[in-house]
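# sequence and predicted structure, then a few things I'm wondering about:
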Amino acid sequence: MIDAILIEKPDDQQTVKLTTLEDNALPEGDVRVDIAWSSLNYKDALAITGAGPVVRHFPMVPGIDFAGLVTESAHPDFKPGDKVILNGWGVGEKHWGGLASQARVNGDWLVPLPANLTGRQAMAIGTAGYTAMLCVLALEKQGVTPDAGEIVVTGAAGGVGSVAVSLLANRGYAVAAVTGRMAEAPYLKSLGASTIIDRAELSTPGKPLARERWAGAVDVAGCTVLANVLAAMQYQGVVTACGLAAGMDLPASVAPFILRGVTLVGIDSVMCPKPRRLAAWQQLAAELDLTQLNAMTTEIPLDQVIETAPKFLKGQIRGRVVVPVAPAKA
Ligand code: NDP
């Protein structure tokens, strides 16, 4: 039997419960995995609460991440006993996901667990941390070096933000952390932020161009926050945009692009091609400070996932949330 969070929509109203499913209930796929650890991301919270159109069909097992042990494989790259991780590819949206004790997926979606990470550490990183690394790599690719100036990270006390602050600071960048929770300033400083900015400063509509403040940005907020970040970039600054915690729209002007040569880089982790995700995981395994990672991680059991999800949408989650499903397995 499989333990799983299950989202159903028998009529207009979505329901969600922790339940048990038959072993043969899993969807098609050439690799079966015993899940050891899972994680909770903002997108999982949207799926579980029904607050955003994440789930494409019902019933659905949510969970865009998992780490576990292969038990059956018809895929040439994997055999029983291999430790693997999965992030994205529509898992937890259109294909049953990681908030369960087993999954069956397309082996092309799996990444080997990096040798120096445990399953718990991989899920503490999760999609949020892997996306933070995609942002950092994009800044680097665009030529933003530590001597260019400060990098601003929005939603800094959340999952993507916390990992981004840690990665950037450890690479030698000066980091300005934007947060709606000023009480988290000591936490953000412990991750390496040198400046703490109250989110309120960026949450109301500003001018098309503001004082030049930052050389680069990791933005998880979108909406007015992203517009204000764009307006305050230095000449030829680079903004990586990955989130919508403040909203989907972008009430901005073209002024930063045409007068300051600012670059806006979109970051998508879900369909990111395999070579780039392997590179991101390799870099994460090599350079993420595991003591800082542990300090930003909270553990909750599978039976507390449903009650925890709404806290993401209220901005009440600090750092990352991992879910031990069968932790002895990876
Ligand atoms: P979290 O909930 O962990 O963090 C989001 C943070 O955003 C909050 O902790 C809060 O930080 C801040 N925030 C909340 N509300 C607002 C607001 N109204 N305005 C500005 N900031 C706000 O989520 P994740 O870090 O997991 O994800 C962050 C965003 O990135 C989400 O929108 C998610 O969907 C997106 N995402 C996108 C990916 C991609 O592939 N493009 C992959 C992963 C995530 P604080 O209190 O410090 O201000």
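Great, that's in hand.
# so what's residue 252 up against?
Applying C-beta atoms under 8 Å, 6 or more residues apart in numbering, we find residue 252 in contact with 208, 226-227, 230-231. Bear in mind the C-beta positions are built from the backbone N, C-alpha and C, glycine included.
# please report phi then psi for it.
Backbone torsions of residue 252, given as degrees, to the nearest 10, read phi -120, psi 170.
# how near is the residue nearest the centre of the chain to the ligand?
Nearest to the mean C-alpha position of the chain, by C-alpha atoms, centre = their mean, lies residue 128 at 1.6 Å. According to C-beta to the nearest ligand atom, to the nearest Å, residue 128 and the ligand sit 4 Å apart.
# check residue 42 too.
From residue 42 to the ligand the distance is 3 Å (C-beta to the nearest ligand atom).
# chain neighbours aside, what residue packs nearest to that residue?
residue 312 (5.1 Å; C-beta to C-beta, 6 or more residues apart in numbering).
# show the subsequent helix or strand relative to the helix or strand that contains that neighbour.
Using DSSP states H and E, residue 312 maps to helix 305-313. Next helix or strand after helix 305-313 toward the C-terminus (DSSP H and E): strand 320-324.
# output the helix ranked longest in the chain as CSV, nothing but the C-alphas.
The single longest helix within the chain, with elements called by DSSP state H, is helix 119-141. Extracted C-alpha coordinates of helix 119-141, given in CSV (Å, rounded to 0.1, in the frame of the first residue of the first chain):
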residue,chain,number,x,y,z
GLY,A,119,18.3,12.5,0.8
ARG,A,120,17.4,15.0,3.5
GLN,A,121,19.9,17.5,2.4
ALA,A,122,18.8,17.1,-1.3
MET,A,123,15.2,17.8,-0.2
ALA,A,124,16.3,20.7,2.1
ILE,A,125,17.6,22.2,-1.2
GLY,A,126,14.6,20.9,-3.2
THR,A,127,13.2,22.8,-6.2
ALA,A,128,13.5,26.1,-4.2
GLY,A,129,17.3,25.7,-3.7
TYR,A,130,17.9,24.3,-7.2
THR,A,131,16.0,27.3,-8.6
ALA,A,132,18.2,29.6,-6.5
MET,A,133,21.3,28.0,-8.0
LEU,A,134,19.8,28.5,-11.6
CYS,A,135,19.4,32.2,-10.7
VAL,A,136,23.0,32.5,-9.4
LEU,A,137,24.4,30.6,-12.5
ALA,A,138,22.4,33.0,-14.7
LEU,A,139,23.8,36.1,-13.0
GLU,A,140,27.3,34.6,-13.5
LYS,A,141,26.6,33.8,-17.2
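# and that helix, which residues are buried?
Residues 119-139 are the ones in helix 119-141 that count as buried (16 or more other C-beta atoms under 10 Å).
# what do you get for stretch 198-206?
199, 202-203, 206.
# how close does residue 72 get to the ligand?
Distance from residue 72 to the ligand, by C-beta to the nearest ligand atom: 29 Å.
# and the residue in the chain positioned nearest to the ligand, how many neighbours?
Across the chain, no residue is closer to the ligand than residue 158, which sits at 1.9 Å (C-beta to the nearest ligand atom). If you count neighbours by other C-beta atoms under 10 Å, residue 158 ends up with 30.
# tilt between the helix holding residue 312 and strand 320-324?
Per axes from the mean of the first three to the mean of the last three C-alpha atoms, to 10 degrees, the angle that helix 305-313 makes with strand 320-324 is 170 degrees.
# what's the closest non-adjacent residue to residue 19?
residue 6 (5.1 Å).
# cool, residue 329 as well?
The shortest distance from residue 329 to any non-neighbouring residue, by C-beta to C-beta, 6+ apart, is to residue 36 (3.8 Å).
# look up phi and psi at the one you found.
Torsion angles, degrees, to the nearest 10, at residue 36: phi -100, psi -50.
# double-check that residue 35 belongs to a helix.
No: applying DSSP: H, G, I helix; E, B strand; the rest coil, one finds residue 35 to be strand, outside a helix.
# what's the spacing between the closest residue to it other than its chain neighbours and residue 56?
Ranked by C-beta to C-beta, 6+ apart and with sequence neighbours excluded, the top spatial neighbour of residue 35 is residue 68, at 4.2 Å. Residue 68 sits 23 Å away from residue 56, going by C-beta to C-beta, to the nearest Å.
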